[in-house]
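In: coordinates only, sequence not included:
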DNA sequence: TGACTATATGGCCATATGGCCATATAATAG
DNA sequence: CTATTATATGGCCATATGGCCATATAGTCA
């Protein structure tokens, strides 16, 4: 095992870790979490989210594209609006774990 | 509602988002994910993890401290070793969601 | 005590991130 | 067609991140 440069298994793992890290990085920002919170209820346009977040439109657009390419959101175009929606609802479930972490923190 | 500067509910939410984002940021790095993978099985010393990861000892120490202050790990000192262990096993469950994201990605 | 070992911290550097402004692009409306 | 609206992209800047090296700190053992 562990022939040059790495065995296939190892390379696969490394790549998996990179991917998983990328998903967490997408969720590692207040603004993007608020976007997800909103999209949990229904799809929204970029403009709507921009108003809700109180950030620059370009900033929101960049956040959306990060969530999009991370595979967490989906979008569709209608008229000259782009509607974004939550693609992976289980992302919300992850928050039940993060809240456990927070609870444990507070009890320390 | 929404008295100056924000109502209490809103402030709480903002703070929650900050905390959740911090947890995800802690998980948003290959090396730290590998550490968690290892600690899933049993506790390890800094030295063991340093060998396993092939990174500088100081780098590993910093990663551990990030996971520690994020509330994901715990540690104990014995002799002149510090053993780190996984505090919140449900962190592993989050990976079942991230793998769903990845699967969906690959099918696109 | 002093020497040794394990871990943590500070300094440094290259790169990434998150925000804004300005502007480009795309679609609609007139 | 032109003007308007919605969104995306590029440039910029301040700050954060992740890595290493060097060194400080803490604990053990003789």
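Out: Thanks, I have it. These figures come from a predicted structure and were not determined experimentally. Residues are numbered from 1 along each chain as shown, chains lettered A, B, ... in the order given.

In: low-scoring pLDDT stretches of chain A, where are they?
Out: When the per-residue scores of chain A are filtered using pLDDT under 70, the ranges that remain are A:1-12, A:108.

In: near DNA strand D, which residues of it show up?
Out: With C-beta under 7 Å from any atom of the strand as the criterion, chain A comes near DNA strand D at residues A:45-47, A:50, A:57-58, A:61-62, A:64-65, A:75, A:80-82. To be clear about C-beta, it is placed using only N, CA and C from the backbone, and glycine gets the same treatment.

In: so residue A:63 is in which element?
Out: Secondary structure assignment for residue A:63, by DSSP states H and E: helix A:57-69.

In: Check residue A:18 too.
Out: Residue A:18 is part of helix A:8-26, with elements assigned from DSSP H and E.

In: which other helices and strands contact that helix?
Out: Contacting helix A:8-26 under the criterion 3 or more C-beta pairs under 8 Å, 6 or more residues apart in numbering or on different chains; DSSP states H and E are the following elements: helix B:8-26, helix B:30-41, helix B:90-106.

In: what number of residues lie near residue A:102?
Out: Close neighbours of residue A:102, defined as other C-beta atoms under 10 Å in any protein chain shown, add up to 18.

In: Check whether it really touches residue B:70, as I assumed.
Out: No - proximity of residue A:102 to residue B:70 does not meet the contact threshold set by C-beta atoms under 8 Å, at 10.0 Å.

In: Show me whatever sits in contact with both of those two.
Out: Common contacts of residue A:102 and residue B:70 (C-beta atoms under 8 Å, 6 or more residues apart in numbering or on different chains): residue B:23.

In: so how far is the helix holding residue A:63 from its chain's centroid?
Out: The chain centre lies 10 Å from the centre of helix A:57-69; the measure is C-alpha atoms, centre = their mean, to the nearest Å.

In: Between helix A:90-106 and that helix, find me the angle.
Out: Put simply, helix A:57-69 runs at 100 degrees to helix A:90-106, going by axes from the mean of the first three to the mean of the last three C-alpha atoms, to 10 degrees.

In: Need the residues that contact stretch A:83-103.
Out: The contact list for stretch A:83-103 (C-beta under 8 Å, 6+ apart) reads A:27, A:35-36, A:39-40, A:42-46, A:49, A:64, A:67-68, A:71-77, B:16, B:19-20, B:23-24, B:70-72, B:88, B:90-91, B:93-94, B:96-97, B:100-101, B:104.

In: This completes my enquiry, with thanks.
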